[in-house]
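Participant: just the structure for this:
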Amino acid sequence: MTDKEDLYRRLFRTALLIRLVEERIIELYPSDRIQSPVHLSIGQEGVAVGVCDALNRDDLVFATYRSHGFYIAKGGPLGPMFAELYGRLGGISKGKAGSMHLSAPEAGLMGSSAVVASSIPHAVGAALSFKRRGDGRVAVAVFGDGATEEGVYHESLNFAALMKVPVLFICEDNGLAVHSFRHVRQSYRLVEHAATFGIRGRRLEEGWDMLAVRQATLDALAVVRTGVPFVLEIATGRYKEHVGVADDFHFGYRSAVDINAWKARDPLIQERALVAELTPGVEREIATAVAFAEASPAPGRAELLTDVI
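Facilitator: Next comes the predicted model:
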């Protein structure tokens with residue numbers, strides 16, 4: 001096996017793990033054992049996997065409420081993730097944070113947030129601290145295209161450009177803000193907009209291609225590690241509804257035709273032999289994680305006010 005084949009296999013397995021984890025969440029959700037709303041990233045796994053594989057372990061990622069993929073790809077522990085979704089004490093935040101606020105600081109995934117765009121300035125602040133310490137790390141802000149309409153995004157670009165901090169802005173562009181298409185919301189193009197602040201950027205159309213995402217991230221990081229920000233916009237496709245575990249084509253705001261075009265290029269669908277080979281081991285890993293969550297105790301009244309500041 002060549003180095004490239006070994007790399008692809010590693011990326012593929014992580015992407016498959018993310019997808020099968022979320023498919024397991026879909027199976028569990030009707031039972032009400034999962035105690036929080038979930039925003040699934042099925043169809044978007046290539047972005048999380050490609051980006052995180054290009055990072056160093058001590059680089060920090062600040063993600064969104066749709067962060068299962070980034071949590072797993074950055075190396076967050078699977079058992080505590082499921083326990084968190086279950087609302088159990090064994091969860092990463094003792095069951096208090098739920099799906100939308102995952103974190104794994106020991107793996108470099110900092111707090112995710114349900115508030116759109118709120119983690120972007122946190123990444124910029126972390127990058128400023130890295131610059132002042134001179135430790136060579138970078139911070140990554142992950143957000144959807146809808147977040148770029150928030151004032152704090154523009155403020156963060158301005159501050160990052162002025163202070164020349166090592167931050168990589170990653171936009172997962174699935175073209176939607178809930179049910180609203182980008183072309184009816186935005187009069188700007190992201191890369192051109194970043195250039196008005198003097199920030200370099202690039203758009204990658206092949207968000208299904210884990211190797212292409214990884215290489216684009218490495219290229220962007222080569223710029224960021226010189227001490228300046230960079231905007232990387234990656235086109236991708238969200239297969240499921242905005243929040244929840246179902247399909248939503250019956251609402252009529254989008255067509256299955258568009259998603260089927262993404263599925264036709266999706267390696268987790270098209271490469272059936274590799275999926276069949278890797279699935280048993282991945283499913284055993286997921287089963288162990290679910291069992292951990294099932295065995296973890298529910299919090300009692302004594303936990304009600306703990307960890308509250």
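Participant: could you use CA atoms for every contact and neighbour count after this?
Facilitator: Noted.
Participant: quick check: longest helix of this protein.
Facilitator: Counting by DSSP state H, the longest helix found in the chain is helix 3-28.
Participant: could I get the buried residue list for it?
Facilitator: 11-22, 25-26 (16 or more other C-alpha atoms under 10 Å).
Participant: just stretch 138-156 next, same as before
Facilitator: Those would be 138-148, 152-154, 156, for stretch 138-156 by 16+ other C-alpha under 10 Å.
Participant: stretch 101-119 now?
Facilitator: Buried, per 16+ other C-alpha under 10 Å, within stretch 101-119: 101-104, 107-113, 116-119.
Participant: all strands of this protein, in order?
Facilitator: Applying DSSP state E to the chain gives strands spanning 60-62, 139-144, 167-173, 176-177, 180-181, 200-204, 230-235.
Participant: please identify the most buried of these.
Facilitator: strand 60-62 (a mean of 29; mean count of other C-alpha atoms under 10 Å).
Participant: quick one: least confident of the buried residues of stretch 101-119?
Facilitator: Among the buried residues of stretch 101-119, residue 111 carries the weakest pLDDT, at 83.
Participant: wait, it sits on residue 102?
Facilitator: Yes: applying C-alpha atoms under 8 Å, one finds residue 111 in contact with residue 102, separated by 6.2 Å.
Participant: residues near residue 275, how many?
Facilitator: 17 (other C-alpha atoms under 10 Å).
Participant: residues touching it, list them.
Facilitator: By C-alpha atoms under 8 Å, 6 or more residues apart in numbering, residue 275 lies in contact with 16, 268.
Participant: and if you look at residue 224?
Facilitator: Residue 224 is in contact with 138, 165, 166, 167, 168, 230, counting by C-alpha under 8 Å, 6+ apart.
Participant: so which of the residues you listed is the closest to residue 239?
Facilitator: residue 168 (25.8 Å; C-alpha to C-alpha).
Participant: what residues are bridge-paired with the closest residue to that closest one other than its chain neighbours?
Facilitator: Leaving out its chain neighbours, the residue that sits closest to residue 168 by C-alpha to C-alpha, 6 or more residues apart in numbering is residue 140, at 4.7 Å. With DSSP bridges as the criterion, residue 140 is bridged to residue 61, residue 168.
Participant: hmm, residue 140 is touching residue 126, no?
Facilitator: No: using C-alpha under 8 Å, residue 140 makes no contact with residue 126, being 9.2 Å away.
Participant: measure residue 71 to residue 12 for me?
Facilitator: For residue 71, the distance to residue 12 (C-alpha to C-alpha, to the nearest Å) stands at 16 Å.
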